[in-house]
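*Asks:* based on what follows, work out the 3D shape:
(one chain, ligands or ions: 1)
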Amino acid sequence: MLVQHPIIATLLEQGVISSLDSALARNFLEAGESLDAGLLAAWVSHQVSRQQTCVILQEIGQPFAPLFSFSQMPDRICEQSHWIGLPAQTRPLVLDNGRLYLRRYWQYEQSLSNAIRIRAGQVTGWSAEQIKPLLDELFAPSVELDWQKIAVASAALNKFSIITGGPGTGKTTTVTRLLALLSRLAGTVNRPLNIALAAPTGKAAARLSESIAGALEKLPADFRAGLHAKTTTIHRLLGSIPGRTGFNHHSDNPLNIDLLVVDEASMVDLPLMSKLFEALPAEAQVILLGDQQQLASVEVGSVLADLCAFSEGETRFNADFAAQISAICAVELPAFGTLSRIQNNLVVLQKSHRFDAAGGVGRLARQVLAQDLPASLACFEDFPQQLSWDSNPTTEQLVSQCCTSLQGYFDALAQDDICRAFRVLSANQLLCATRRGRFGTEALNQAIEQRLMQQGLIGRTDGFYPGRALMVTQNDHSVGVYNGDIGIVWPDATDQGLLKVWFMDAGNQLRGILPGRIPAVESLYAMTVHKSQGSEFDHVLMVLPGADEQTLFKGLNREMLYTGVTRAKQRFSLFAAKAPLGMCLEQQCARTSGLSDRLAADSETGN
Ligand SMILES: Nc1ncnc2c1ncn2[C@@H]1O[C@H](COP(=O)(O)OP(=O)(O)OP(=O)(O)O)[C@@H](O)[C@H]1O
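*Replies:* So this is what the prediction gives:
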């Protein structure tokens, strides 16, 4: 066995690569590969830990300089290596179309793109004549193009659909009408639809269930009858196996469903999406919902954004499909040339029905996407009732503001009213761009807990203390709690005052679990923007790193700010100096993947 190579040891020591990256490099060397090849592998592995699916060979350069420089161009290193090869060569690293992958991630991408490609070409079999009358019952005539109606029409024809749009554009309303329409159609042939609704986190699943229930109430009664759908998390749907990354459901044991709706698809990472598609029966219909502009998944990949990349924010059907949908919806749709294998499978909803697009939150969200700093700043002046900006925040001020808004939460708990405590908790939320730093979740949660203790609202600041509002950070299938679930620690008055962590399930049912059974958690008073995906709050307070914390600026981007802004239902307060705010607007979240290329109109079938 080789001792650690000094260069690898130094890169590890200096934190340039992780122990996982260095172990891979070391494996390469032990197999007789060159240091160049080993460090190339370490770099790909390092990029995976930064959520990239792969690296583009031509863009690698000299990432380890000045500690180490490759002695040859990366393509030469690949050519000479026995551990790096083309897809068919079954080697640990795969070089495909100029992109270098760890084999596992290449497989995920390949498997997902193949599954989507196959489904994209399939039709449901319902005819325009069957769909049109039901569509006309569900949608009132409209003078402008009704993209919701167009989305329902196209998803009634296609086996695979993506319905995307910003917050409040009616994704849930649209999918509810679609489900109602499809159920009615299925009823005509006496074949009830087995529908699964899934979201990446428990919180998002609960919200989906609530929104669907709300949207159903607005439907004519005969559309509601016979429509049954169960909402769950993707992990629960697939059946997590404790301690394993695999699931109970996979290609050899597919899910028993006819139709799957995945909400908040932007949060689903590449491995999970790939496993989800693998577990689908061949004939099942799939609809992905989400906002492509939001932050990408916490883990590897940016599946939804990649799938939507060709659309550039608009629906782009080809001429045949545009004509078909135009006839069903009695409208004139623009037609586009050949762009992607999935161009007829995607509808972008444009109009927000939640907040007036001309209102503060909607306007700011648009200016953030446009990366326009002066126009974004102008929004704060134009909408003082809905938007505020503090360019010189202090910890003291943030802590005071949060503790004031938590008063109602502790009042509700004092009255043993856990349901109300949950409601109050979701009224105001402090969102941080980072975990670390003066204005990161770690420091702010600690400072808020200290203050709450000084105020006598909590008795201690560690462990599962009574009154703690927390978020679960790990899935535990056996207990039925999942990453992103929100809980409140409070005694169970009906069980000898036993301290429990309470969760609010879909349908507003409380469920108490003993703290010892809960996996990892963190306090919720300050939450990262990443963790806030899939949630909404009446008032969002968002804080960016301090102007002097430049090492934290690299994680800032417009998707993060957009996600923070669009979590606000009514008010958005920003706490940020101009420098970090400028960085948010300057930088875009860029994740390297080959998914869009694999779905390009002229792409070959995969290996
Ligand atoms: N066509 C419409 N006309 C009037 N109101 C609508 C329409 N579509 C949706 N709404 C209303 O707008 C609000 C947001 O709709 P919905 O929840 O469907 O949007 P969404 O895109 O799923 O939102 P998000 O993902 O941000 O939660 C709801 O109150 C809904 O009733």
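*Asks:* quick one: the helices in the stretch 251-400 of the chain, in order.
*Replies:* Taking DSSP state H, counting those that start in this stretch, the helices of the stretch 251-400 of the chain run over residues 270-278, 303-308, 319-329, 360-369, 373-382, 395-414.
*Asks:* not counting sequence-adjacent ones, nearest residue to the residue nearest to the spatial centre of the chain?
*Replies:* Compute the mean C-alpha point of the chain, and by CA atoms, centre = their mean the closest residue is residue 267, 1.3 Å away. Closest residue to residue 267 apart from its sequence neighbours, by CB to CB, 6 or more residues apart in numbering: residue 200 at 4.3 Å. For glycine as for every other residue, the C-beta is placed from the backbone atoms N, C-alpha and C.
*Asks:* burial of the one you found, as a residue count?
*Replies:* 28 (other CB atoms under 10 Å).
*Asks:* with residue 202 instead?
*Replies:* Neighbours of residue 202 (other CB under 10 Å): 27.
*Asks:* please enumerate the strands of the stretch 101-250 of the chain.
*Replies:* 160-165, 195-199, 229-233 (DSSP state E, counting those that start in this stretch).
*Asks:* so how far is the ligand from the residue nearest to the centre of the chain?
*Replies:* For residue 267, the distance to the ligand equals 12 Å [CB to the nearest ligand atom, to the nearest Å].
*Asks:* which residues of the chain lie near the ligand?
*Replies:* Residues of the chain lying near the ligand by CB under 6 Å from any ligand atom: 148, 165, 167, 168, 169, 170, 171, 172, 173, 211, 353, 354.
*Asks:* I'd like to know which of those residues are buried.
*Replies:* Neighbour counting with 16 or more other CB atoms under 10 Å marks 148, 165, 167, 168, 169, 170, 171, 172, 173, 211, 354 as buried within the residues of the chain next to the ligand.
*Asks:* now do the last one, the pLDDT please.
*Replies:* Here, the pLDDT recorded for residue 354 equals 70.
*Asks:* who touches it in this structure?
*Replies:* Residue 354 sits next to 167, 168, 569 when contact means CB atoms under 8 Å, 6 or more residues apart in numbering.
*Asks:* measure how buried the nearest residue in space to the first one that is not next to it in sequence is and give me the count.
*Replies:* Okay, so that is residue 167. In this structure, residue 167 finds its nearest non-sequential neighbour in residue 566, 4.5 Å apart by CB to CB, 6+ apart. Neighbour count for residue 566, taken as other CB under 10 Å: 28.
*Asks:* please look at residue 566 and residue 291 and confirm they touch.
*Replies:* Yes. Between residue 566 and residue 291 there is a contact under CB atoms under 8 Å: 7.4 Å.
*Asks:* list residues touching both of the two?
*Replies:* Here residue 566 and residue 291 share the contacting residues 166, 167, scored by CB under 8 Å, 6+ apart.
*Asks:* can I see the domain layout of this structure?
*Replies:* As given by the TED database, the domain ranges for the chain are 6-96, 114-354, 360-586.
*Asks:* nearest to residue 596 among those would be which one?
*Replies:* Taking CB to CB, domain 114-354 is the member of these nearest to residue 596, at 4.5 Å.
*Asks:* tell me which element residue 574 is part of?
*Replies:* Element membership for residue 574 (DSSP states H and E) is strand 568-575.
*Asks:* follow-up on the earlier one: which pLDDT value belongs to the residue nearest to residue 267?
*Replies:* We note a pLDDT of 89 for residue 200 in this prediction.
*Asks:* cool, residue 303 as well?
*Replies:* We have a pLDDT of 94 for residue 303.
*Asks:* ok so, going back, take the buried ones among the residues of the chain next to the ligand and keep only those in helices.
*Replies:* In helices, judged by DSSP state H, the following of those are found: 148, 171, 172, 173, 211.
*Asks:* grab the nearest non-local neighbour of the fourth one.
*Replies:* Nearest non-adjacent residue to residue 173, counting by CB to CB, 6+ apart: residue 215, 4.7 Å away.
*Asks:* list the contacts for that neighbour?
*Replies:* Residues counted as contacts of residue 215 (CB under 8 Å, 6+ apart) are 172, 173, 176, 177.
*Asks:* the residue nearest to residue 167: what's it in contact with?
*Replies:* Residues in contact with residue 566 (CB under 8 Å, 6+ apart) are 166, 167, 291, 294, 361, 365.
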